[in-house]
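Visitor: Below is the structure, and that's it, no one-letter string:
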């Protein structure tokens, strides 16, 4: 493990997904999934999100489109919250999901809209 | 239907997924899904799992990777239980899902780890 | 927007998915998802389903196969209901999902059968 | 192997995909893929296509939609030829692929149209 | 068809994918695929890309990520060219594809990088 | 970058995919894809393949199943060669692809068998 990349990853992950969420993930990790938690933190959040070249807002845009298509509702909801934190507006989120519907099909769009509405409803 | 392949399939399916589970599936089958239950037993479990050339443990390894990527959580949990029955350790399951995360993406890995932890929690 | 295509779409959508369901979707729409609801009605239901060349029954057959493979259970259940409305029998639905199992894999078939049985159970 | 199901499968496969094509597949099979050729002939063509409940034309319709979405161009072209043999018109094939574009996204539609045009061009 | 949306779509499509490419697509269209060409122009390019809320550069970013994951190399190469036209730099394209590799898996990334390099090589 | 993980990755990658192939990949890398080459070497081959818990043979088995399903023929052929290097027999490769056909559908199996036969033909 590259300690510095890991630290960068932990910092970015906490800023995007929320400190509380990340601390809970880490605290609840056991022998089984701890190596995965560390891997994701270093690889995805440190070596990936930590790179220059795209803003966090742009990375959130990509993630909303990608995770909708990959059909992972639990992760999608996390990243809708993260996208709001990174400054995307609801109008931009709508436009992303409409483009998803055109390129990945209407059912992918329907699911993405439903999940977004669930996230917005919790927020209130 | 090849009766012998069907019988082989029923036997293997019961040994891997549990006698009780398979009996329930068969008993609860109605006119609508009975032909499918029989087809899966013969085709998937008899003509597939019944072949020589790979051990059951190896077939379970493949299934965990494949069903994670195919994104079918209900089936994945069944096959995580089957994998434990077939002798895979939790450490091996972790390694499989880490490889899934690298080749099929982090969200596929996150879901697989969550579902495995749910199975392990039930077992206790 | 092409008003006539939209009207056609609204009519077909209501006939296939049920007037009540469509009215609820439309009524519960807010600033966030209203443009999407309108887009789907015009594009998918008007410009798509409104075309000649295939019967509604044939379009329902295609949808059951496609949405199973696309792995969208919420939409699949809607369209199983729609397929019954469009005149598909349970036996035809079974045959479609058996063909899905062969071409898209057994877990896709298992999920489709389970979701169909849930829809049939509600209907009683 | 159920010999009768295999024979049925071989007959249907030859009628749909062409005698010459199937004979070549069988003749060119070696130790490596022969078990797979036999497996596909028995289960996919015999136990699947051999079932009552859907016409061959309907099975071809489903296959065009499914194989487009599964993104397997080589198989898709085979089944476009088979669909013409089974009596689908070019207009019906167009409608199927337009519905694919709506439900599975525009790029899936674009590829399906291109592959169909290649098949039609060969035929002339 | 909404004539104005179609005209908007034709204009945007030509600006993004190149006038020559779009004219060729339209000219070579025959009875079979003409309705699809018009449908894509009106809905994907007019009703989709024609919406406010995201810049063309942002829409190109989304498309590169989405079409990589949807695994449609022919369309991906078109949209890599379009992305350069819309002002994305090679460095931004690299970052998008690295994020694809993390979220959709290394093989998706490998293919995207290879296809991008083919596009860049043609350009020289 | 963690230099040691990178070195481990480079060594394993060369042993599995062939020294010549990896040296060519590295030599032909330019500003655009060099960061990706390094990223894949460190994370996929070092932090992934470098982990204990599964043998290389087992990792190759998983990869053949996963990459077939992910539908990436170029990568699949590389990993079929790697699987032979890691000690998988042709009979085991056949069994893996038959299991792929059952769980991910016949067309995924057909493509995997064709690609394997192309690799075997080159080898002679």
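Guide: Nice, I can see it. The model shown is predicted, which means the values in this text are computed figures rather than measured ones. Numbering: from 1, shown residues only, chains lettered A, B, ... in the order given.

Visitor: Check the average confidence over the helix or strand containing residue A:107, would you?
Guide: Residue A:107 belongs to helix A:106-123 when elements are defined using DSSP states H and E. Confidence for helix A:106-123, expressed as mean pLDDT, is 97.

Visitor: Report whether stretch A:22-42 contacts chain B.
Guide: Yes - using Cβ under 8 Å from any Cβ of the partner chain, stretch A:22-42 reaches chain B at A:30-33, A:35-36, A:39-40. C-betas here are computed from N, CA, C, even on glycine.

Visitor: Quick one: list the elements packing against the helix or strand bottoming out on mean pLDDT in chain A.
Guide: Each helix and strand of chain A was given a mean pLDDT (mean pLDDT, DSSP states H and E); the minimum falls on helix A:19-27 at a mean of 94. Using 3 or more Cβ pairs under 8 Å, 6 or more residues apart in numbering or on different chains; DSSP states H and E as the contact definition, the elements that helix A:19-27 packs against are helix A:3-17.

Visitor: The residue found closest to residue A:91 once you drop the neighbours it is linked to in the chain and residue A:95, how far apart?
Guide: Beyond its immediate neighbours in the sequence, the residue positioned closest to residue A:91 (Cβ to Cβ, 6 or more residues apart in numbering or on different chains) is residue E:53, lying 5.3 Å away. Applying Cβ to Cβ, to the nearest Å, the value for residue E:53 to residue A:95 is 4 Å.

Visitor: Compare these two (neighbour count), which wins?
Guide: Taking residue E:53 and residue A:95 together and counting by other Cβ atoms under 10 Å in any protein chain shown, residue A:95 has the greater number of neighbours (22 against 16).

Visitor: Tell me the secondary structure at residue A:54.
Guide: Applying DSSP: H, G, I helix; E, B strand; the rest coil to residue A:54 yields a three-state assignment of coil.

Visitor: Over to it: give its phi and psi.
Guide: Backbone dihedrals for residue A:54, given as degrees, to the nearest 10, come out at phi -130, psi 150.

Visitor: Without its sequence neighbours, what residue ends up closest to residue A:113?
Guide: If you skip the residues right next to it in sequence, residue A:113 has residue C:33 as its closest partner in space, 4.9 Å away by Cβ to Cβ, 6+ apart.

Visitor: Count residues in the vicinity of the one you found, would you?
Guide: The burial count assigned to residue C:33 is 24, neighbours taken as other Cβ under 10 Å.

Visitor: before we move on, what about residue A:76?
Guide: As a burial measure, residue A:76 scores 24 neighbours (other Cβ under 10 Å).

Visitor: Distance-wise, check it relative to residue A:60.
Guide: Distance from residue A:76 to residue A:60, counting by Cβ to Cβ: 12 Å.

Visitor: Could you pick out the residues of chain A near chain F for me?
Guide: Taking Cβ under 8 Å from any Cβ as the measure of proximity, chain A contacts chain F at A:1-2, A:5, A:35, A:39, A:42-43, A:47, A:51.

Visitor: So residue A:106 is in contact with residue C:44, correct?
Guide: Yes - contact criterion Cβ atoms under 8 Å: residue A:106 and residue C:44 qualify, at 5.0 Å.

Visitor: can you list residues touching both of those two?
Guide: By Cβ atoms under 8 Å, 6 or more residues apart in numbering or on different chains, residue A:106 and residue C:44 have these common neighbours: D:102-103.

Visitor: Contact residues of chain A facing chain E?
Guide: Looking at chain E, the residues of chain A close enough under Cβ under 8 Å from any Cβ are A:43-44, A:48, A:51, A:53-54, A:58-59, A:61-63, A:65-67, A:69-70, A:91-92, A:94-96, A:98-100, A:102-104.

Visitor: just checking, which of the residues you listed belong to helices?
Guide: In helices, defined here by DSSP state H, the members of these are A:58-59, A:61-63, A:65-67, A:69-70, A:91-92, A:94-96, A:98-100, A:102-104.

Visitor: Is it possible to mark the buried ones in those residues?
Guide: Among these, those buried by neighbour count (16 or more other Cβ atoms under 10 Å in any protein chain shown) are A:58-59, A:61-63, A:65-67, A:69-70, A:92, A:94-96, A:98-100, A:102-104.

Visitor: Distance to residue E:23 and pLDDT added to the residues of stretch A:22-42 next to chain B, as JSON lines?
Guide: What follows is the residues of stretch A:22-42 next to chain B, written out as JSON lines (distance: Cβ to Cβ, whole Å; pLDDT from 0 to 100):
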{"residue": "A:30", "distance to residue E:23": "61", "pLDDT": "97"}
{"residue": "A:31", "distance to residue E:23": "62", "pLDDT": "96"}
{"residue": "A:32", "distance to residue E:23": "58", "pLDDT": "98"}
{"residue": "A:33", "distance to residue E:23": "55", "pLDDT": "97"}
{"residue": "A:35", "distance to residue E:23": "55", "pLDDT": "97"}
{"residue": "A:36", "distance to residue E:23": "51", "pLDDT": "98"}
{"residue": "A:39", "distance to residue E:23": "49", "pLDDT": "97"}
{"residue": "A:40", "distance to residue E:23": "47", "pLDDT": "97"}
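
Visitor: Need the max-distance pair from the residues you listed.
Guide: Every pair in the residues of stretch A:22-42 next to chain B was compared (Cβ to Cβ); the two farthest apart turn out to be A:31 and A:40, at 16.3 Å.

Visitor: Residue nearest the middle of chain A, spatially speaking?
Guide: Centroid-nearest residue in chain A, with Cα atoms, centre = their mean: residue A:79, separated by 3.0 Å.

Visitor: Next, count neighbours for the residue in chain A positioned nearest to chain C.
Guide: Scanning chain A for the residue nearest chain C gives residue A:107, at 4.1 Å (criterion: Cβ to the nearest Cβ). Burial measure for residue A:107: 27 neighbouring residues, criterion other Cβ under 10 Å.

Visitor: So it versus residue E:105, what's the distance?
Guide: Distance of residue A:107 to residue E:105, given as Cβ to Cβ: 22 Å.

Visitor: and if you look at residue A:18?
Guide: Distance check for residue A:18 against residue E:105: by Cβ to Cβ, it reads 26 Å.

Visitor: what do you get for residue A:115?
Guide: For residue A:115, the distance to residue E:105 equals 22 Å [Cβ to Cβ].

Visitor: of the two, who's got more company?
Guide: Legend: neighbour count by other Cβ under 10 Å for residue A:115 and residue E:105, higher for residue E:105 (29 against 18).

Visitor: Skipping its backbone neighbours, what lies nearest residue A:73 in space?
Guide: Nearest residue to residue A:73, sequence neighbours excluded (Cβ to Cβ, 6+ apart): residue A:115, at 5.5 Å.

Visitor: cool, residue A:46 as well?
Guide: Once its chain neighbours are removed from consideration, residue A:46 has its nearest residue in residue A:9; the separation is 2.8 Å (Cβ to Cβ, 6+ apart).

Visitor: residues touching the closest residue to residue A:40 other than its chain neighbours, list them.
Guide: Excluding the flanking residues, the one nearest residue A:40 by Cβ to Cβ, 6+ apart is residue B:106, at 5.8 Å. Residue B:106 makes contact with A:40, A:43-44, E:102-103 under the criterion Cβ under 8 Å, 6+ apart.

Visitor: and the residue sitting furthest away from the middle of chain A, which of the three is it?
Guide: Ranked by distance from the centre of chain A (Cα atoms, centre = their mean), the top residue is residue A:31, with 24.4 Å. At residue A:31 the chain is in coil, as set by three-state DSSP.
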